Structure formats: structure tokens, C-alpha cells
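*Asks:* Structure, please.
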Amino acid sequence: MNDHQDFAAAPVLENELVRLEPLSYTQQDELAAAVSVGQLWKTWYTGIPSPQRMAQEIDRRLALQRQGSMAPWAVVDPASGTAVGMTTFMEIDPVSPRLEIGFTWLGRAAQGTGINPAMKLLMLERAFDTLGCIAVEFRTHWHNHQSRAAIARLGAKQDGVLRNHRVMPNGTLRDTVVFSILNTEWPAVRAGLEHRLAKYSQQR
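*Replies:* The predicted structure follows:
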């Protein structure tokens, strides 16, 4: 049976378009550079770390991994070998079993390149095929229309909206949109992602 440590493991996952590496302090400078383009951390409805807080965010994610409640990765562009973002398994529940893919961000240069669907394919393969999840969840801010559209394009279905779900650092109240993919839906979601990624591969 899976346990929290199985779910919190962050092995290298890779395909032609992306490589997910275990998060470490060696990636700090590259991640700080990636987030600096366009000052992504200033987007009011997201929780992206600033360059100055990148080490603290790595600390936080690795501490949660040691507790068995998060699997953190750095997102690496294999073309350059550079870390361009972060992602995690979180809200880990090995008993159900299910988890959430979240705390994800990509630098401006990596957006729209196929890296996001490519990494989601790798993570969903691990969640469903390796860990045996019955559901994988995604959550985002109501006002994060880019994220909501990207999640829907994966093939996830919207479960609902948690109203006044969280107080944001700027004092505003967040309505959280909840999506999920079920294990019974995974074969169709996988086929859709592979079809999308074939187009990116042809462009390389």
C-alpha cells in the first residue's frame, strides 16, 4: 500500500519537452531569474515567490516534503537545461488515494511552449499509473482566467467554487475554483494530451 513517503517522493520525470527534477537549492538562482521576467510575483491573484523570497519558498516546500505532505519539483527546460518554474503534488491522501497538483508557476519564456501540458502528462502518469490515484485535483483563483483555461484544456472538469475560501496576502478574499480528473477519465485525458504534445514536437 502507498504511504505518505511514496506520494512525497519526487523522482526525475522527463519527456521530450520537459524534465522535472527534485527541487533543491542549486536551482535557486535560475528560478529567481525565471520569475524576474515580467515580475510575475506581483500578479495579485497568485502566490508566486519573488526572487528575494525564492530560498524561503524552497525551504518551505522541502520542509513539507520531509513531513510527507508534498512532492516538490523544479521544472527544467531540457533545451537549455535551465530551471524555469516549480510544481508540486500536495494535499496528499494515500488512503483515498488522491492528491492535488498545485503551487505551480512557469517563467514568462516557458509559457505557451508546450512545457505545461508536457509536465502535467508526466505528473498525471505518476499519479494514476504509479501511485494508483482515483482522482487528481487542481485549484486556482477565480480571477486567474489563464490558469482556469489551462486546467480545462487538460481535460479536467470543474467541480465547483469555494466562495470566500482564503484571505490573500493583500487582504482580498479568494474564491477558489476546484477541478478534478478521475481515474476513469484518465485514458481520454492522456490521449488528448499526447495529441497536443505531438504538435509541439513537430515544431521543434
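*Asks:* what residues are up against residue 6?
*Replies:* When contacts are counted by C-beta atoms under 8 Å, 6 or more residues apart in numbering, residue 6 is found next to 94, 131. C-beta coordinates here come from the backbone N, C-alpha and C atoms, glycine included.
*Asks:* Tell me how far the helix or strand hosting it lies from the chain's centre.
*Replies:* Following DSSP states H and E, the helix or strand that holds residue 6 is helix 4-8. Here helix 4-8 is found 17 Å from its chain centre; the criterion is C-alpha atoms, centre = their mean, to the nearest Å.
*Asks:* And the longest helix anywhere in the chain, what's buried?
*Replies:* Ranked by residue count and defined by DSSP state H, the top helix of the chain is helix 186-203. With burial defined by 16 or more other C-beta atoms under 10 Å, the residues of helix 186-203 counted as buried are 186, 189-190, 193, 196-197, 200.
*Asks:* Between which two of those residues is the distance greatest?
*Replies:* Spatially, the most separated pair among those is 186 and 200, at 20.8 Å (C-beta to C-beta).
*Asks:* If we go by neighbour counts, what in the helix holding residue 6 is buried?
*Replies:* Residues 6-8 are the ones in helix 4-8 that count as buried (16+ other C-beta under 10 Å).
*Asks:* re the thing from before, quick check, nearest of the buried residues of helix 186-203 to residue 160?
*Replies:* Of all those, residue 189 has the smallest distance to residue 160: 19.4 Å, by C-beta to C-beta.
*Asks:* what's the distance between the closest residue to that closest one other than its chain neighbours and residue 187?
*Replies:* The spatial neighbour of residue 189 that comes closest, neighbours along the chain excluded (C-beta to C-beta, 6 or more residues apart in numbering), is residue 155 at 3.7 Å. For residue 155, the distance to residue 187 (C-beta to C-beta, to the nearest Å) stands at 10 Å.
*Asks:* how long is stretch 66-78 from one end to the other?
*Replies:* The first residue of stretch 66-78 is 27 Å away from its last residue (C-alpha to C-alpha, to the nearest Å).
*Asks:* and it, which residues are buried?
*Replies:* With the criterion 16+ other C-beta under 10 Å, stretch 66-78 contains buried residues 68-77.
*Asks:* can you redo those as TSV with pLDDT, distance to residue 164 and secondary structure?
*Replies:* Putting these into TSV (pLDDT from 0 to 100; distance: C-beta to C-beta, whole Å; DSSP: H, G, I helix; E, B strand; the rest coil) gives the following:
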residue	pLDDT	distance to residue 164	secondary structure
68	95	30	coil
69	96	25	coil
70	98	25	coil
71	98	29	strand
72	98	28	strand
73	98	31	strand
74	98	33	strand
75	98	31	strand
76	98	37	strand
77	97	38	strand
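*Asks:* Pick the one among those residues closest to residue 62.
*Replies:* Sorting the buried residues of stretch 66-78 by how near they are to residue 62, with C-beta to C-beta, puts residue 72 at the top with 6.6 Å.
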